[in-house]
Structure formats: structure tokens, C-alpha cells
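# predicted model follows, preceded by the sequence.
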Amino acid sequence: HTHGTYTRTTHTQGAEHTMSSHKAIEGKKADKVKVQRALVSVFDKTGVVDFCKVLAELKVEILSTGGTAKKLKEAGVPVTMVNDYTGAPEILNGRVKTLNPHIHGGLLAVRGNELHEAELKREKIGLIDMVVCNLYPFEQTVAKGSDWDTCIENIDIGGPSMIRSAAKNSNYVAIVSSPDQYKELTETLKKTEGCLELAQRKKLACAAFTLTAKYDTAISTYMTKQLS
């Protein structure tokens, strides 16, 4: 099974343009997916300890980074550091922590697809079933009247990348992008012994793309104002 494309021809001002789109990649259908590994990396740590305690009780392996990992460890939640999991160090003052095939491969793999599963096996990449992530406070940084360089440093890169990878693969992966979602998910996970249904994963994905769209709009609006 490989990526295929279909082509569409459009005519603009007399010129002919061919546009290609990826076809859906074949994989297994999965309504309920049991969360066995979760990646947790949040700026707003409200409620994250209690939520991760529930995950730990359900025998979910928790991967984490930086301040989030520190807070979870202090609360007695078992954590695997992302750099230990990937074998790659956190670099560039934390600008690069999770941008790694062991993270994004584990999030984006289509389950039941022979090619994807063979590549995961070859590269020794494990699946990740849930991402818990919220973003650097770009808008708050701007609102405080911070200078250009400070605002730019508060543009989250790894967070939106993880959120988008998980949301794109909501057929199998759950993306938790707000502390407001913890309560409902805690209730569901306890009832289902750690499983989430496709409808719920799609709803979470929609919320996640809404978040990243607003986030990028805020950055674009700030830059436009600064440059005008």
C-alpha cells in the first residue's frame, strides 16, 4: 500500500494547472482504541497531574518533556523522558525536543498498513495513542507589550506539530489540547478501561485544529501589525 494521487485540472487566466491530492492510505478501521502510550507536554499545567494519575492507573506509559515531566515526577507519576525514548537530546534551548521520527512516526502511522508497520519495525518506532498538549502563550506575550524577539521566541513549534500530527491521525490517536477536556475524558477512560471511540477522537481533532488555526492567526495578525 503506497501513497497514491489523483489529479484535477483547473484553468486560470488561460493557463492550465494540474493539482494533485493524496489518496487516503489504507489501514484497519478502529472504533475503540486503547490508550497504551501518551505523550504529555503542556505549558498550562492546570489539572495535568490528576489527569496523568488516571492514565498511570490505567497502565498508560507516559512520555514527557521539561517542566511537565518535572511536575509529574514530583507528584509521583511514572514518566519516561522524551529524550530517553527517542535517543536524541533536547537541543537549542528547548527549541527542539519532540521534532523526531520516533514521535511523529508513532503519531502518524496508519495502523494495519503493511508499509507503515514494516517501516515502524525497521526504525524501531513505537505507536503513540494520545497527545496531551497546549501551547506557549503567544497572545499573552504580545498583550504584555513584549518586544519582537520575545514574541517570536514564544511561537510554539513542537506543540502545534504534535497537535497536528495527532489530530490528522484521529482514526487512531486522541489529541487532548485543553485542560477543559480532562474531566470528560477521565470519566470516559475510567468507564472503558482506557479506550476512546472514533467519534470522540474526531471531536478532539476538530477542537485541536480550531486551536492551531487561532494560534497561527494570532501570529499572522501580530506580524502584519508590526510590519505595517
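That came through, no problem.
# what are the ranges of the strands in this structure?
With strands called from DSSP state E, the chain shows them at 5-12, 15-22, 33-34, 37-41, 61-64, 80-81, 130-133, 174-176, 195-196.
# of those, which shows the lowest average pLDDT?
The stretch with the lowest average pLDDT out of these is strand 5-12, scoring a mean of 48.
# check which helices and strands the longest helix along the chain sits against.
Criterion DSSP state H: the longest helix present in the chain is helix 198-227. Judged by 3 or more CB pairs under 8 Å, 6 or more residues apart in numbering; DSSP states H and E, helix 198-227 is in contact with helix 138-143, helix 158-168, strand 174-176. Backbone N, C-alpha and C define where each C-beta goes, glycine included.
# mind checking how far it is from the chain centre?
Here helix 198-227 is found 13 Å from its chain centre; the criterion is CA atoms, centre = their mean, to the nearest Å.
# same check on stretch 63-80?
With CA atoms, centre = their mean, you get 18 Å for stretch 63-80.
# same question for stretch 153-164.
9 Å.
# can you list the neighbours in contact with it?
39, 41, 43, 95-99, 103-104, 107, 131, 133-138, 141, 146, 175, 177, 208-209, 211-212, 215-216, 219 (CB atoms under 8 Å, 6 or more residues apart in numbering).
# distance of the nearest residue to Leu39 once chain neighbours are set aside relative to Ile25?
Computed as CB to CB, 6 or more residues apart in numbering, the closest residue to Leu39 that is not its neighbour in sequence is Leu63, at 4.6 Å. Using CB to CB, to the nearest Å, we find Leu63 at a distance of 25 Å from Ile25.
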